[in-house]
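Colleague: Coordinates only, no sequence provided:
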């Protein structure tokens, strides 16, 4: 039970909020006093639409959100569960168990909701990642376009060119995500080739340097990237014995050609 309210006017408003019928509730949705909002959240006359209306307010105290989650109507409503998962003030003890009930793309919405704590967004992403192995191809493609950068990067471990293209086009995919994926042993040739041809990623210097070193990069792409690399970086590639001998020879020839074109020092 909440502690007694000492302010008589506040106590009266809270008492009314607790028992008022639905057709008289409207003024209470604009309340700012926590005590009144707590009483309203426990009102047994609330229906799904009322709980959702309350959860539209991002300024609700965590205690009010908790009482909304405990309302008998909340347990019956998928929409209320989703709204609770997306609310920035929902306690983790309430929000975390909800994730297992949410649909795939609602989990994506949760992971991209502004105001939701960063660690909870990661939990929502983890829930998406756990389902990747069992979702249809069409959903994988859509997920590649819409999901977070971390999820998009996880979708790159495939030889499905359409899934790869969707993930590479994802606006949330970062260079760091992509570099991390390209360093994994199970990355496919199709992914490496797609990166070398992608207008957004193939122009990034660090990615070009990495692709020149990557064993799965097609030789024509390596040769196309060489003119844009700094001489010092090319020299390091030449000294790297892990590089394929054929690539090292081309790099050496390119370096020699570049040095021969330098004007002589006066």
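Modeller: Sure, I can see it. These numbers come from a predicted model, not from an experiment. Residues are numbered from 1 along each chain as shown.
Colleague: distance between the ends of stretch 105-116?
Modeller: 16 Å (Cα to Cα, to the nearest Å).
Colleague: Stretch 221-241 too?
Modeller: 20 Å.
Colleague: Helix or strand: which one has residue 124?
Modeller: Following DSSP states H and E, one finds residue 124 within helix 118-131.
Colleague: That helix: which residues count as buried?
Modeller: Within helix 118-131, the residues that count as buried by 16 or more other Cβ atoms under 10 Å are 120, 121, 123, 124, 125, 127, 128, 129. The way it works is simple: take the backbone N, C-alpha and C, and place the C-beta from them, glycine included.
Colleague: which residues are contacting the longest helix belonging to the chain?
Modeller: The single longest helix within the chain, with elements called by DSSP state H, is helix 245-260. Here helix 245-260 makes contact (Cβ atoms under 8 Å, 6 or more residues apart in numbering) with 212, 219, 222-223, 226-227, 231, 234-235, 237-238, 240, 243.
Colleague: I'd like the average pLDDT over the helix holding residue 124.
Modeller: Helix 118-131 shows a mean pLDDT of 96.
Colleague: Just give the number of residues close to residue 198.
Modeller: 17 (other Cβ atoms under 10 Å).
Colleague: Next one: it, what pLDDT does it get?
Modeller: Note on residue 198: pLDDT of 97.
Colleague: separation between it and residue 88?
Modeller: Separation of residue 198 from residue 88 (Cβ to Cβ, to the nearest Å): 35 Å.
Colleague: just to revisit the earlier point, mind giving me CSV with the buried residues of helix 118-131 and columns for distance to residue 139?
Modeller: Formatted as CSV, these follow (distance: Cβ to Cβ, whole Å):
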residue, distance to residue 139
120, 23
121, 20
123, 20
124, 16
125, 16
127, 15
128, 11
129, 14
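Colleague: which stretches of the stretch 151-266 of the chain form helices?
Modeller: Taking DSSP state H, counting those that start in this stretch, the helices of the stretch 151-266 of the chain run over residues 161-169, 175-182, 189-197, 205-213, 219-225, 231-239, 245-260.
Colleague: and residue 37, which of these is closest to it?
Modeller: helix 175-182 (40.6 Å; Cβ to Cβ).
Colleague: pretty sure residue 137 contacts residue 160?
Modeller: Yes - Residue 137 is within contact range of residue 160, at 7.0 Å (criterion: Cβ atoms under 8 Å).
Colleague: quick one, which of the two is more surrounded?
Modeller: Neighbour count, other Cβ under 10 Å: between residue 137 and residue 160, residue 160 has more, with 16 against 11.
Colleague: what sits against the more buried one?
Modeller: Neighbours of residue 160 in contact, by Cβ under 8 Å, 6+ apart: 137, 140, 190.
Colleague: Kindly provide the distance from the last one to residue 242.
Modeller: To tie it back to what came earlier, the one meant is residue 190. The gap separating residue 190 from residue 242 is 23 Å, by Cβ to Cβ.
Colleague: Compare those two and say which is more crowded by neighbours.
Modeller: residue 190 (17 against 7).
Colleague: what about that one, distance to residue 249?
Modeller: According to Cβ to Cβ, residue 190 stands 26 Å off from residue 249.
Colleague: now swap in residue 231 and tell me
Modeller: 17 Å.
Colleague: before we move on, the earlier item: and the two most separated of the buried residues of helix 118-131?
Modeller: Maximum pairwise distance in those, criterion Cβ to Cβ, is 14.9 Å, between 120 and 129.
Colleague: For the stretch 151-266 of the chain, give me the ranges with low pLDDT.
Modeller: The stretch 151-266 of the chain contains residues with pLDDT under 70 at 259, 261-266.
Colleague: go again using 50 as the cut-off
Modeller: Flagging of the stretch 151-266 of the chain using pLDDT under 50 yields the residue ranges 266.
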